[in-house]
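Asker: Fold the following.
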Amino acid sequence: MYPSSIKKVIECFKELPGIGEKSAERLAFTLINFDKNKLQDFSDAIIDIKNKIHRCPICNNITDEDICNICNNKNKTDNIIFVVEKPKDIILFEKLNIYNGKYHVIDGLISPLDGIGPDDINIDSLLKRIKDNNVEEIILALKPTIEGETTMQYIKKILENYNVKVSKIATGIPVGTEIEYIDTMTLELAFEERKDIS
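Answerer: Numbers count the residues shown, from 1 in each chain. Have a look, this model is predicted:
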């Protein structure tokens with residue numbers, strides 16, 4: 001039905017989350033109307049994601065610098081670390097502007113049924129940071145699921161021999177919900193009313 005070059009673009013767009021056939025077609029036809037320079041900029045931006053974006057060696061956030069802008073920010077305190085599952089979660093809490101510490105991305109949750117164990121998530125570098133920076137508090141902001149709770153309990157257990165407070169954001173977040181889909185007021189209250197993990 002479509003020329004092969006358009007069909008290929010449509011198939012590529014369908015690989016993106018939330019993009020079905022009709023949306024992919026609409027996006028592909030939008031690109032056709034771009035002038036050559038705009039299309040080149042679009043193409044270069046996509047390629048740059050692969051070529052320039054990498055993980056921060058300190059916190060595991062995404063960055064195009066040697067160290068991410070949050071770890072590089074001298075105005076942010078080093079003695080509190082906010083632990084999240086994904087880099088996108090950092091952006092959500094940064095937009096709220098209620099936290100002035102550093103972050104740590106663990107890149108997954110413990111899920112034995114899926115074959116994901118403690119060694120498969122980024123906890124070793126978190127322990128190193130706690131030792132090296134005299135961290136006083138770890139705030140866990142993981143989704144309220146069995147996997148999230150299992151991961152939080154595991155982190156609390158391995159930190160028992162460290163002189164560090166371990167808390168988690170408060171409830172009020174619906175069970176099973178991805179952090180990125182929660183409204184800002186709920187997130188802010190969850191942060192402000194965080195609790196020690198029992």
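
Asker: tell me, how many neighbours does the residue lying closest to Thr63 once chain neighbours are set aside end up with?
Answerer: Nearest in space to Thr63, with sequence neighbours left out and distances taken as CB to CB, 6 or more residues apart in numbering, is Cys56 at 4.9 Å. (C-beta placed from N, C-alpha, C; glycine too.) A count of neighbours around Cys56, defined by other CB atoms under 10 Å, yields 21.

Asker: Flag every buried residue along stretch 122-136.
Answerer: Buried residues in stretch 122-136, counting neighbours by 16 or more other CB atoms under 10 Å, are found at Asn122, Ile123, Leu126, Arg129, Ile130, Val135.

Asker: With only the CA atoms kept, save that stretch in PDB.
Answerer: Listed next in PDB are the C-alpha coordinates belonging to stretch 122-136 (Å, rounded to 0.1, in the frame of the first residue of the first chain):
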ATOM      1  CA  ASN A 122      22.800  -1.800  40.500                       C
ATOM      2  CA  ILE A 123      23.300  -2.100  44.300                       C
ATOM      3  CA  ASP A 124      27.100  -2.700  44.600                       C
ATOM      4  CA  SER A 125      27.800   0.900  43.400                       C
ATOM      5  CA  LEU A 126      25.200   2.200  45.900                       C
ATOM      6  CA  LEU A 127      27.100   0.500  48.700                       C
ATOM      7  CA  LYS A 128      30.400   2.100  47.500                       C
ATOM      8  CA  ARG A 129      28.800   5.500  47.500                       C
ATOM      9  CA  ILE A 130      27.400   5.100  51.000                       C
ATOM     10  CA  LYS A 131      30.900   4.200  52.300                       C
ATOM     11  CA  ASP A 132      32.700   6.900  50.300                       C
ATOM     12  CA  ASN A 133      30.400   9.800  51.000                       C
ATOM     13  CA  ASN A 134      29.300   9.400  54.600                       C
ATOM     14  CA  VAL A 135      25.700   9.000  53.500                       C
ATOM     15  CA  GLU A 136      23.200   9.600  56.400                       C
END
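
Asker: roughly how far is it from the heart of the chain?
Answerer: Averaged C-alpha coordinates place stretch 122-136 at 18 Å from its chain's average position (CA atoms, centre = their mean, to the nearest Å).

Asker: what's it in contact with?
Answerer: With contact meaning CB atoms under 8 Å, 6 or more residues apart in numbering, stretch 122-136 is reached by 58-60, 78-81, 83, 104-108, 138, 154-155, 158-159, 162, 164-165.

Asker: just to revisit the earlier point, between the buried residues of stretch 122-136, which is closest to Leu27?
Answerer: Nearest to Leu27 among the buried residues of stretch 122-136 is Asn122, at 33.5 Å by CB to CB.

Asker: Narrow the contacts of stretch 122-136 to those in strands?
Answerer: Ile80, Ile81, Val83, His104, Val105, Ile138, Lys165 (DSSP state E).

Asker: can you tell me which helix or strand Leu92 belongs to?
Answerer: Assigned by DSSP states H and E, Leu92 falls within helix 87-96.
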